[in-house]
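Engineer: Any chance you could fold what I've pasted below:
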Amino acid sequence: MKVLHLYNDWKWTGPSEPVLNLCKGLKTQGLEIHIACLAAPDNKDRTLPSKAAQAGIPLLTLATPAKYLSIFYLKPHINALAKYIEASHNFDIIHCHSALDHYYASKLKTRFPTVKIIRTNHKGYPLESTWTNKSLMKKAINGYITLSKNLAETDRKNFGLAPEKTAAIPSGIDISVFTNSTKPVCLTNIKGNDIVIGIVARVQRHRRFHIIIEAMQSIIKEMPNVKLVVVGRGTYYNQLVTEPVKRLGLENNVISAGYRTNDYLDILNTFDFGLFLVPGSDGSCRAALEIMASGKPLIVANRGILPEIVDDDKNGLVIDDTPNNLTQAILKLAKDRQLRERFGQSARAKVEQQFTLERTVRLTQEIYQNISK
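Structural biologist: Down below sits the predicted model:
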């Protein structure tokens, strides 16, 4: 079976890593996998094209728009994709990872009528009921994948999809790299008796850091040894984290760890539990899954697919994220080591059962086979 994955970006952010991991997993199962994505700027080193090349996956790069996608790029991109398909590849399936990818595939379908089209919704929220989506989901779809059962059911009803065309396939991670073995990590203001909360996220305005910081202000009045470690960066980091922390005198309790690579796994193992309030561009909430795979419980907001990842009062806590609710949830875990350990074991077990890369690959193969019959 030959499959072309369309991914209209070059950045190594959002769903790009899960998409590439899926492609690598499918390749190991004997499928012929190709990727078509945007060409990366020359001055960038961590990119989807470079990672795909390292993985030995055949790659077609499309011209990158200067700033905003222009209609003048659409036809040349479609023509480039058509030529690539005509060059003896004859793909059985085109797997799309965005609305624009789906549009390209719909145009290619007119030239290659036997090709099957699959679309994955990576956002972790129901697909918007726009005119474009309605048209594409009606006329150019053979299979549709979402990240959870609730999403699959919602989108199936909204767009009138047949049950056999829809599948809930969580984005899996390689759990083998996540262990409890921790190397020493130097983090300012962290001491042996501290309770460490970890958040791994790009710092953006919608991520509700103001709620977290307000909660921390209340928490340290009761438990001064609770520390929050923020792993990530962002354009508005100073505005959203540094300045409020300084203004409220929380410098000793809110630690900026920045963007981590080589010691990322060790950073996760310094956490006593994690915190995740808002899914990012990768709706699968991969960072949350990685914290759970490290054997740590999570406090999450009742938002996106987070309540489907974390089972309330089993492997973490699910809350409506007001400052007071967050304060009470953090204090509950911070005060009870046995509860943290029990939740942490359950968190690891759930990832092992439902969120492995192997399971993602297997379920994806199944929908490929179903639509090819």
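
Engineer: Do a quick rundown of the strands in the stretch 151-300 of the chain.
Structural biologist: Ranges of strands within the stretch 151-300 of the chain are 166-168, 195-200, 226-231, 254-258, 273-276, 298-301, based on DSSP state E, counting those that start in this stretch.

Engineer: Could you pull out the buried residues of the last one?
Structural biologist: Judged by neighbour count using 16 or more other Cβ atoms under 10 Å, the buried positions of strand 298-301 are 298, 299, 300, 301. In short, each C-beta sits where N, CA and C put it, glycine included.

Engineer: Show the subsequent helix or strand relative to it.
Structural biologist: helix 306-309 (DSSP states H and E).

Engineer: tell me what whichever helix or strand comes after that following helix is packed against?
Structural biologist: Sequence-wise, the next helix or strand downstream of helix 306-309 (DSSP H and E) is strand 316-319. For strand 316-319, the packing partners by 3 or more Cβ pairs under 8 Å, 6 or more residues apart in numbering; DSSP states H and E come out as strand 298-301, helix 323-334.

Engineer: highest average neighbour count across those?
Structural biologist: strand 298-301 (a mean of 25; mean count of other Cβ atoms under 10 Å).

Engineer: Check which helices and strands that one sits against.
Structural biologist: Partner elements for strand 298-301 (3+ Cβ pairs under 8 Å, 6+ apart): strand 273-276, helix 286-293, helix 306-309, strand 316-319, helix 323-334.

Engineer: Name the surrounding residues that touch that strand.
Structural biologist: Contact partners of strand 298-301, identified using Cβ atoms under 8 Å, 6 or more residues apart in numbering, comprise 208, 273-278, 288, 291-292, 306-307, 309-310, 315-321, 326, 329-330, 333, 347.

Engineer: Of the residues you listed, just the buried ones, ChimeraX syntax please.
Structural biologist: Only the buried entries of the contacts of strand 298-301 go into this ChimeraX selection, using 16+ other Cβ under 10 Å:
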select :208,273,274,275,276,277,278,288,291,292,306,307,309,310,315,316,317,318,319,321,326,329,330,333,347
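
Engineer: you'd agree residue 18 is up against residue 286?
Structural biologist: Yes. Contact criterion Cβ atoms under 8 Å: residue 18 and residue 286 qualify, at 6.5 Å.

Engineer: Determine the residues that are contacts of both of these two.
Structural biologist: residue 171.

Engineer: Tell me how many other residues surround the residue lying closest to residue 259 once chain neighbours are set aside.
Structural biologist: Spatially, and ignoring its direct neighbours in sequence, residue 259 is nearest to residue 233 (4.8 Å; Cβ to Cβ, 6 or more residues apart in numbering). Using other Cβ atoms under 10 Å, the number of residues around residue 233 comes to 14.

Engineer: and if you look at residue 230?
Structural biologist: Using other Cβ under 10 Å, residue 230 has 26 neighbouring residues.

Engineer: list the contacts for it?
Structural biologist: 199, 201, 203, 241, 254, 255, 256, 257.

Engineer: Between those residues, which sits nearest residue 111?
Structural biologist: Taking Cβ to Cβ as the measure, residue 111 sits nearest to residue 201 out of the contacts of residue 230, at 41.6 Å.

Engineer: Any figure for the gap between the closest one and residue 240?
Structural biologist: With distances taken as Cβ to Cβ, to the nearest Å, residue 201 is found 11 Å from residue 240.

Engineer: Same check on residue 192?
Structural biologist: In terms of Cβ to Cβ, residue 192 sits 30 Å off from residue 240.

Engineer: These two: who's more crowded?
Structural biologist: Using other Cβ under 10 Å, the more surrounded residue of residue 192 and residue 240 is residue 240, with 21 against 5.

Engineer: Please name the nearest non-neighbouring residue to the more buried one.
Structural biologist: In space, and not counting its chain neighbours, residue 240 is closest to residue 209: 4.7 Å by Cβ to Cβ, 6+ apart.

Engineer: Does that neighbour touch residue 239 like I think?
Structural biologist: No. With contacts counted by Cβ under 8 Å, residue 209 stays clear of residue 239, the gap being 9.6 Å.

Engineer: neighbour count winner among the two?
Structural biologist: Legend: neighbour count by other Cβ under 10 Å for residue 209 and residue 239, higher for residue 209 (25 against 13).

Engineer: So what sits opposite the nearest residue in space to residue 242 that is not next to it in sequence in the bridge?
Structural biologist: What sits nearest to residue 242 in space, not counting adjacent residues and going by Cβ to Cβ, 6+ apart, is residue 256, at 7.1 Å. Beta-bridge partners recorded for residue 256 (DSSP bridges): residue 230.
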